[in-house]
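Undergrad: My questions concern the predicted model and sequence given below.
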Amino acid sequence: MTIASYHCPTCGRVYLADRPLWRCDCGGHLNLMRGRAFGRDEIITANASLWRYAAALAAPGAPRVSLGEGWTPLVLRNWRGAAIHFKLESQMPTGSFKDRGTAVMLNHLLEVGVGPIHEDSSGNAGASIATYAAAAGIPCRIYVPAAAPRAKLVQIAASGAEVRPIPGTRQDVSEAALGAIDESFYASHNWQPFFIEGTKTLAFELWEQLGFRVPDNILVPTGYGSNILGLERGFDELERGGEIAARPRLFAVQAANCAAFAAAWSAGADRFVPFAAQPTVADGIATPKPVRVAEVLTALRRSRGGVVAVAEEEIAPALAALGRRGFFVEPTAATAGAALTRLLSDGTITADQTTVAVLTGSGLKAADRIGELLGIAAG
Ligand SMILES: [Zn+2]
């Protein structure tokens, strides 16, 4: 197969993806070139993982490392009088959607000869990358916020990775990881574009699981926006393959206390707009400075969707309502439920439309915090 290429939206340089690379020489982020068209005849239907779409991936055919990621359930439940499809990304090997991106990114890095890696994460991506690094047999170090939920830190450490807790903000954690780029390869899920190459399989799965149809609306808890960019990329490839005639509206769901995309969206901007970040229980999407701001805003506008910023007090009721429907998810994922309530109430989405809410992470990641939020007595 042909080797994929990166391009830099900042300076226009192009690179062959034939070696480990996470950013451009100019310091800007890299994106993969537009993928090729994809059609249903190329699906390996006997494979119950995201590798059923291997033909569409800018990665080798058979993965070197797989833990069975992808092909997660899509479950229909009633929400305020509307039948909603809940996509259970929480049922991935490490309990969050990150495995989709990690599996494809790490297989690419193994293919081009990566050595020891490190990463920074609020928890879920760190757990995912540490786990896949363990499966691949490569050394791994993860920088995490000192205040990250203990279950996530334990999960990272249990894989054998080195855990480096960093006090301060999420940005301080990123700075610590950037300071280590001379020690090991920075396998950053937020920078390395093959992570988005993996998340695009979410678009393929939703389309296939809905009987080769696209939904009208998709709601996604959003920190850096890798799922939004993956959905955009996946639906683009399906459209060019002649498989779909319309695209779903994409709604990025943020916690109002830390909502970079909401700030840019409401300002009508096409780039980062400074804002004051406050703590939020939705720790997985507390992103003060996303990497691909322009790309995410463009994808949202092109889809005719938008940004929903939910208040802290809307998250616990959504968490409780999801639990009572059989979905034990972390507070970050519950923001999708809160946004669903908001968009159904104000008529942005209606009961006659097909709507998907992506539940990004398992409640087992944050059981103590969920207990506090729901007032569940300890012991
Ligand atoms: Zn550049």
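TA: All right, it came through fine. Numbering: from 1, shown residues only.
Undergrad: For this protein, just list every one of the helices.
TA: 98-111, 124-136, 150-158, 170-178, 194-199, 201-209, 226-240, 260-266, 293-302, 312-323, 331-345, 367-374 (DSSP state H).
Undergrad: quick one: which of those helices is nearest the ion?
TA: Comparing the helices of the chain against the ion with C-beta to the ion, the closest turns out to be helix 293-302 (14.1 Å). C-beta: built from backbone N, CA, C; applies to glycine.
Undergrad: got the helices of the chain as a markdown table, with distance to N78, mean pLDDT and mean neighbour count columns?
TA: Shown next, in a markdown table, are the helices of the chain (distance: least, C-beta to C-beta, whole Å; pLDDT from 0 to 100; neighbours: other C-beta atoms under 10 Å):
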| stretch | distance to N78 | mean pLDDT | mean neighbour count |
| --- | --- | --- | --- |
| helix 98-111 | 27 | 97 | 28 |
| helix 124-136 | 28 | 96 | 27 |
| helix 150-158 | 30 | 90 | 19 |
| helix 170-178 | 35 | 90 | 18 |
| helix 194-199 | 28 | 97 | 28 |
| helix 201-209 | 19 | 98 | 23 |
| helix 226-240 | 24 | 98 | 24 |
| helix 260-266 | 28 | 96 | 22 |
| helix 293-302 | 27 | 97 | 19 |
| helix 312-323 | 11 | 98 | 19 |
| helix 331-345 | 11 | 98 | 26 |
| helix 367-374 | 21 | 93 | 16 |
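Undergrad: want to throw those into JSON lines with distance to L21?
TA: Converted to JSON lines, those look like this (distance: least, C-beta to C-beta, whole Å):
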{"stretch": "helix 98-111", "distance to L21": "10"}
{"stretch": "helix 124-136", "distance to L21": "17"}
{"stretch": "helix 150-158", "distance to L21": "25"}
{"stretch": "helix 170-178", "distance to L21": "15"}
{"stretch": "helix 194-199", "distance to L21": "10"}
{"stretch": "helix 201-209", "distance to L21": "22"}
{"stretch": "helix 226-240", "distance to L21": "18"}
{"stretch": "helix 260-266", "distance to L21": "25"}
{"stretch": "helix 293-302", "distance to L21": "18"}
{"stretch": "helix 312-323", "distance to L21": "37"}
{"stretch": "helix 331-345", "distance to L21": "29"}
{"stretch": "helix 367-374", "distance to L21": "37"}
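Undergrad: Determine which of those helices approaches Q353 most closely.
TA: helix 331-345 (10.0 Å; C-beta to C-beta).
Undergrad: How far off centre is the closest one?
TA: 17 Å (C-alpha atoms, centre = their mean, to the nearest Å).
Undergrad: tell me the angle of that helix relative to helix 124-136?
TA: Helix 331-345 and helix 124-136 are oriented at 130 degrees to each other (axes from the mean of the first three to the mean of the last three C-alpha atoms, to 10 degrees).
Undergrad: Counting by contacts, list what helix 331-345 packs against.
TA: strand 74-79, strand 217-221, strand 249-255, strand 306-310, helix 312-323, strand 355-359, helix 367-374 (3 or more C-beta pairs under 8 Å, 6 or more residues apart in numbering; DSSP states H and E).
Undergrad: buried stuff in stretch 56-64?
TA: A56, L57, A58, A59, P63 (16 or more other C-beta atoms under 10 Å).
Undergrad: got the end-to-end distance for it?
TA: 17 Å (C-alpha to C-alpha, to the nearest Å).
Undergrad: So which residues make contact with it?
TA: 1, 4, 17, 32, 35-36, 38, 42, 51, 54-55, 103-104, 107-108, 110-111, 136, 194, 197-198, 200-201, 204, 237 (C-beta atoms under 8 Å, 6 or more residues apart in numbering).
Undergrad: try 6 Å
TA: A4, L32, F38, W51, A54, V104, N107, H108, L110, E111, E197 (C-beta atoms under 6 Å, 6 or more residues apart in numbering).
Undergrad: what do you get for stretch 363-376?
TA: With C-beta under 6 Å, 6+ apart, stretch 363-376 has contacts from G95, P149, A151, K152, A316, A320, F328, V329, E330.
Undergrad: And the residue of the stretch 151-300 of the chain closest to the ion?
TA: Residue nearest to the ion within the stretch 151-300 of the chain: W191 (12.6 Å; C-beta to the ion).
Undergrad: what does the protein have sitting close to the ion?
TA: C8, T10, C11, R13, C24, C26, G28 (C-beta under 5 Å from the ion).
Undergrad: for the helices and strands packed on helix 331-345, which one sits closest to G123?
TA: Closest among the helices and strands packed on helix 331-345, once you apply C-beta to C-beta, is helix 367-374, at 11.3 Å.
Undergrad: Tell me where the stretch 1-150 of the chain is predicted with low confidence.
TA: Within the stretch 1-150 of the chain, the ranges that satisfy pLDDT under 70 run 1, 60.
Undergrad: Report the separation between the two terminal residues of stretch 267-274.
TA: Rule used - C-alpha to C-alpha; the end-to-end distance of stretch 267-274 is 11 Å.
Undergrad: from here on, count from 58
TA: Got it, first residue is 58 now, which makes that one stretch 324-331.
Undergrad: tell me the contacts of the nearest residue to R297 once chain neighbours are set aside?
TA: Leaving out its chain neighbours, the residue that sits closest to R297 by C-beta to C-beta, 6 or more residues apart in numbering is A94, at 3.9 Å. Going by C-beta under 6 Å, 6+ apart, A94 touches E294, R297, G298.
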